[in-house]
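Asker: Next input, structure requested:
(chains A and B)
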Number of protein chains: 2
Amino acid sequence: MFLEIEQTSPIAIYTQLTSQIKKAIVKETLVAGDDLPSVRVLASDLGVNMHTVNKAYNILTEEGLLLKSKKGYVVSPKINRQTDEEQEDEMKKRLEDVLVDILVHNHSEKTVQEWLSELTVALRKGDN
Amino acid sequence: MFLEIEQTSPIAIYTQLTSQIKKAIVKETLVAGDDLPSVRVLASDLGVNMHTVNKAYNILTEEGLLLKSKKGYVVSPKINRQTDEEQEDEMKKRLEDVLVDILVHNHSEKTVQEWLSELTVALRKGDN
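Answerer: Residues are numbered from 1 along each chain as shown, chains lettered A, B, ... in the order given. Below you'll find the predicted structure:
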């Protein structure tokens, strides 16, 4: 299983789950149509509450990344993952916040570019 | 005054303050040695609690962006704003989270680059 939970992390468990599933979709470890483990199985595997897994799956479904069917949750086709203008503005705002934080701490735009390339290569290579 | 508070925003007021002050430093609206308004004056100008302004100033001081002197808070010189490895890892992690979110929603790396250039130009031009 590609999901790992750090119980001692300050990051909420459902957030760890949503961000790991998003990363798996970007890396294409999970592709359109793939089944996610059932809420019960994943909760038991990870030793977390079923509500936590439910919350993560619901958020991903609302974002159009998962689809809920009778059989369970599956990864949405790309067409469902598109964003509207409001969501794009929100993403740009988050990107700006990180950018400002990097630049204000004396890092140059070149550093931002280097970090981005590094991160993109790692995501595309399928590293963790 | 360059600071504006949206009372109805879901973003905490102290966070609005820290991010606007960071942006002003990146834009060089505020430069090393510049005085910040006193806690009392800023709280009264913005119609917010003094604790809120204090919290924002304290966070910025801890991040090395402001210095506290007898006279009040001033913008730190660049040398104080440097980050250690742990802080850089944390920044990269935040950048990765935004990057994954952008890519998973069907935006390409090219879009990320375009958004970044757009944001950088706006920050350098001194736009709001």
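
Asker: I figured A:K78 hits A:V31, correct?
Answerer: No. A:K78 lies out of contact with A:V31 (CB atoms under 8 Å); the separation is 9.6 Å. Where you see a C-beta, it was placed from the backbone N, CA and C, and this is true even at glycine.

Asker: Which secondary structure state is assigned to the residue located most distally from the centre of chain A?
Answerer: Within chain A, the residue lying farthest from the chain centre (CA atoms, centre = their mean) is A:N106, at 28.6 Å. With DSSP: H, G, I helix; E, B strand; the rest coil as the basis, A:N106 sits in coil.

Asker: Phi and psi next, for the closest residue to it other than its chain neighbours.
Answerer: Sequence neighbours aside, B:R81 is the residue nearest to A:N106 in space, at 4.9 Å (criterion: CB to CB, 6 or more residues apart in numbering or on different chains). Per-residue torsions, B:R81: phi -100, psi 10 (degrees, to the nearest 10).

Asker: What ranges does chain A have for its helices?
Answerer: A:13-26, A:39-46, A:50-62, A:85-104, A:109-125 (DSSP state H).

Asker: Comparing these, which stretch has the densest surroundings?
Answerer: helix A:13-26 (a mean of 20; mean count of other CB atoms under 10 Å in any protein chain shown).

Asker: sorry, back to before: list the contacts of the residue nearest to A:N106.
Answerer: B:R81 sits next to A:V104, A:H105, A:N106, B:E63, B:G64, B:L65 when contact means CB atoms under 8 Å, 6 or more residues apart in numbering or on different chains.

Asker: These: which two are farthest apart?
Answerer: For the contacts of B:R81, the farthest-apart pair by CB to CB is A:N106 and B:E63; their separation is 11.4 Å.

Asker: how much space between the closest residue to A:Y73 other than its chain neighbours and chain B?
Answerer: Leaving aside its chain neighbours, A:Y73 sits nearest to A:L36 (4.2 Å; criterion: CB to CB, 6+ apart). Using CB to the nearest CB, to the nearest Å, we find A:L36 at a distance of 15 Å from chain B.

Asker: now do A:L17
Answerer: For A:L17 relative to chain B (CB to the nearest CB), the value is 13 Å.

Asker: Quick check: the gap between that residue and B:E96.
Answerer: 16 Å (CB to CB, to the nearest Å).

Asker: Now do stretch A:76-95: distance from first to last residue.
Answerer: The first and final residues of stretch A:76-95 sit 25 Å from each other (CA to CA, to the nearest Å).

Asker: Check stretch A:58-66 too.
Answerer: End residues of stretch A:58-66 are separated by 8 Å (CA to CA).

Asker: where does A:I11 land on pLDDT?
Answerer: In this model, A:I11 is scored at 91, pLDDT.

Asker: give me every residue that touches it.
Answerer: Contacts of A:I11 by CB under 8 Å, 6+ apart: none found.

Asker: where does chain A come near chain B, residue by residue?
Answerer: Contact residues, chain A versus chain B (CB under 8 Å from any CB of the partner chain): A:19, A:22-23, A:25-26, A:63-65, A:78, A:81-83, A:87, A:91-92, A:94-107, A:109, A:112-113, A:115-116, A:118-120, A:123.
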